[in-house]
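K.L.:
predicted coordinates and the sequence they were generated for:
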Amino acid sequence: MRKAFKGGIHPPEYKEISKDCQITVLEAPERVVLPLSQHVGNPAKPIVNPKDKVVKGQLVAEAQGFVSANIHSPVSGTVIAITKHPSASGIRVESLIIEREESDEEFRYEPLENPEPRSIVERVFQAGIVGLGGAAFPTHVKLSPPEEYPVDTVIINGAECEPYLTVDYRLMIENTDEIIAGALLVKEAVGARRVIIAIESNKEDAAKKIASISPSEIEVVLLPTKYPQGSEKHLIKAVLGREVPQQGLPFHVGVLVQNIQTVIAVKRAVQEGIPLYERVITVSGQAVNNPSNIKVPVGTLVSYIIDILGGLKEDAKKVILGGPMTGIALGRLDVPVTKGTSGIVALSSDIVSRYDESDTCIRCGRCVEVCPMFLQPYLLGTLGRLGRADALIENNVYDCIECGSCSFICPSKRNLVQLIRVGKSIAREVKK
């Protein structure tokens with residue numbers, strides 16, 4: 001087993017709630033909502049109009065610029081509106097709303113018979129694939145590193161260190177062949193010499209299954225279970241001992257990192273011509289009646305998913321889109337699952353009450369001890385609250401990966417991540 005990175009925390013995992021739930025397919029809703037901005041970069045531009053008929057898999061919004069992503073319809077039906085709709089952030093964003101109709105018609109791209117690097121990257125772009133671990137960064141961009149920074153190693157991120165989430169674990173158990181095929185396509189796309197699939201030790205059975213059928217150019221390594229092991233920079237440090245430079249990217253040290261579900265999407269796009277219009281998510285938490293790992297169409301409302309799975313328990317207090325450490329607490333449930341949604345976590349009142357917010361720093365230094373980026377979160381939080389842009393930049397606020405370790409460990413229950421996010425926004429505006 002490889003060594004862990006310095007810092008980090010060991011929050012309760014709660015993975016037992018859903019880890020044994022096999023992936024099931026959720027029936028498509030009568031209506032889907034597709035935000036035009038559900039990826040890092042420029043929003044996509046609609047190429048359909050209200051009253052237009054569309055089929056499942058059809059391109060309905062085009063990427064605008066290099067850092068952007070195409071959007072495809074997850075259902076066959078009629079476009080009924082292009083309008084602003086509530087999103088997880090609480091902001092109403094421009095969205096395509098499609099009403100489903102019964103149809104067997106589906107669009108697919110032609111499978112690539114003999115894929116080579118350029119055609120793989122082009123297909124990934126066509127298919128609208130983004131990072132499915134939560135970041136939603138356009139994958140074709142990651143597969144196009146600058147020529148002066150050749151990639152020698154691809155790391156497939158199977159850490160899944162967020163509490164509650166078990167979707168990557170289930171995919172490693174159930175879709176092992178697709179993971180290997182997708183990993184080799186990513187390796188081909190960037191011309192890497194080797195592939196390493198990195199998995200936390202709490203998923204040893206998944207690691208053994210993948211290792212048992214992996215070809216020689218794929219190595220499977222176990223990592224200590226520790227949060228945030230799934231962070232790119234910390235994964236690279238733990239697996240290869242390489243340190244990504246300050247404000248640098250993995251390609252600066254010859255590495256590309258991809259998520260488990262992302263490489264499955266690459267495999268399906270290249271070998272089967274299937275664009276990205278659905279994904280697998282975990283629905284879990286103490287307040288969920290029926291924990292599940294489910295495949296859902298992108299654009300499905302959270303309220304629909306919860307209802308069809310039997311609703312929430314009476315003591316439900318908070319619903320989070322994503323994991324509890326980095327996800328977004330929802331103010332309403334009529335918001336859609338996007339390409340970057342890894343899960344829906346419903347917490348009971350007794351769990352939530354343990355983290356009631358305060359704002360009194362007692363100068364204990366525990367946040368400094370656990371910060372995997374060697375920052376001073378207590379100071380950054382205070383500077384963010386005060387709006388001290390120059391001091392924030394001087395203290396390397398942009399290096400914060402917003403993992404939430406500081407908020408979790410803080411005995412005063414300060415919401416440090418939110419304060420730091422505010423500080424980043426202020427610093428960016430001042431820098432402009």
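P.N.:
Great, that's in hand.
K.L.:
give me the phi and psi angles of residue 17.
P.N.:
The phi/psi pair for residue 17 (degrees, to the nearest 10) reads phi -60, psi -40.
K.L.:
residues near it, how many?
P.N.:
Using other Cβ atoms under 10 Å, residue 17 is surrounded by 19 other residues. For the C-beta atoms, the positions are set from N, CA and C on the backbone; glycine is no exception.
K.L.:
close enough to count as contact, it and residue 291?
P.N.:
Yes - Residue 17 is within contact range of residue 291, at 4.9 Å (criterion: Cβ atoms under 8 Å).
K.L.:
overlap of the contact sets of those two?
P.N.:
By Cβ atoms under 8 Å, 6 or more residues apart in numbering, residue 17 and residue 291 have these common neighbours: 284, 285.
K.L.:
give me phi/psi at the residue lying closest to residue 38 once chain neighbours are set aside?
P.N.:
Leaving out its chain neighbours, the residue that sits closest to residue 38 by Cβ to Cβ, 6 or more residues apart in numbering is residue 338, at 3.7 Å. Backbone torsions of residue 338, given as degrees, to the nearest 10, read phi -110, psi -180.
K.L.:
what's near enough to touch residue 338?
P.N.:
Applying Cβ under 8 Å, 6+ apart to residue 338 gives the contacts 35, 38, 88, 136, 298, 299.
K.L.:
show me which pair in the residues you listed is furthest apart.
P.N.:
With Cβ to Cβ as the measure, no two of the contacts of residue 338 lie farther apart than 136 and 299, at 14.2 Å.
K.L.:
and the two? Which one has more around it.
P.N.:
Legend: neighbour count by other Cβ under 10 Å for residue 136 and residue 299, higher for residue 299 (27 against 19).
K.L.:
neighbours of the closest residue to residue 309 other than its chain neighbours, how many?
P.N.:
Nearest non-adjacent residue to residue 309, counting by Cβ to Cβ, 6+ apart: residue 290, 4.5 Å away. Using other Cβ under 10 Å, residue 290 is surrounded by 13 other residues.
K.L.:
try residue 307
P.N.:
Per other Cβ under 10 Å, the neighbour tally for residue 307 reads 13.
K.L.:
using the three-state scheme, assign it.
P.N.:
helix (DSSP: H, G, I helix; E, B strand; the rest coil).
K.L.:
can you pull the pLDDT of it?
P.N.:
pLDDT recorded at residue 307 is 97.
K.L.:
show me where pLDDT drops low in the chain?
P.N.:
1, 354-359 (pLDDT under 70).
K.L.:
wouldn't residue 271 be in contact with residue 111 here?
P.N.:
Yes - with contact defined as Cβ under 8 Å, residue 271 reaches residue 111; the gap is 5.6 Å.
K.L.:
after the helix or strand harbouring residue 378, next one along is what?
P.N.:
According to DSSP states H and E, residue 378 maps onto helix 377-386. Remark: after helix 377-386, the chain's next helix or strand is helix 389-394, criterion DSSP H and E.
K.L.:
who are the packing partners of the helix or strand following that next one?
P.N.:
Once the chain leaves helix 389-394, the next helix or strand it forms, by DSSP H and E, is helix 405-409. Helix 405-409 sits against helix 366-370, helix 377-386, helix 416-431, with contacts defined as 3 or more Cβ pairs under 8 Å, 6 or more residues apart in numbering; DSSP states H and E.
K.L.:
let me see the domain layout of this protein.
P.N.:
Split into domains by automatic domain parsing, the chain comes to 110-272, 366-431.
K.L.:
the longest one spans what distance, first to last residue?
P.N.:
Chord length of domain 110-272, first to last residue, is 7 Å (Cα to Cα, to the nearest Å).
K.L.:
the shortest one now?
P.N.:
The separation between the terminal residues of domain 366-431, taken as Cα to Cα, is 30 Å.
K.L.:
tally of neighbours for residue 369?
P.N.:
14.
K.L.:
that one against residue 9, yeah?
P.N.:
No - taking contacts as Cβ under 8 Å, residue 369 lies outside contact range of residue 9: 9.7 Å.
K.L.:
between the two, which contacts overlap?
P.N.:
Here residue 369 and residue 9 share the contacting residues residue 409, scored by Cβ under 8 Å, 6+ apart.
K.L.:
how near is residue 105 to residue 277?
P.N.:
Computed as Cβ to Cβ, to the nearest Å, the residue 105 to residue 277 distance reads 14 Å.
K.L.:
and residue 360, how many neighbours?
P.N.:
Residue 360 has 7 nearby residues by other Cβ under 10 Å.
K.L.:
which residues touch it?
P.N.:
For residue 360, the contacting residues are 412, 414, by Cβ under 8 Å, 6+ apart.
K.L.:
for residue 30, see how far away it is.
P.N.:
49 Å.
K.L.:
repeat for residue 5
P.N.:
46 Å.
K.L.:
do residue 186 as well
P.N.:
36 Å.
K.L.:
where does the closest residue to residue 126 other than its chain neighbours sit: helix, strand or coil?
P.N.:
Leaving aside its chain neighbours, residue 126 sits nearest to residue 109 (6.1 Å; criterion: Cβ to Cβ, 6+ apart). When classified by three-state DSSP, residue 109 comes out as coil.
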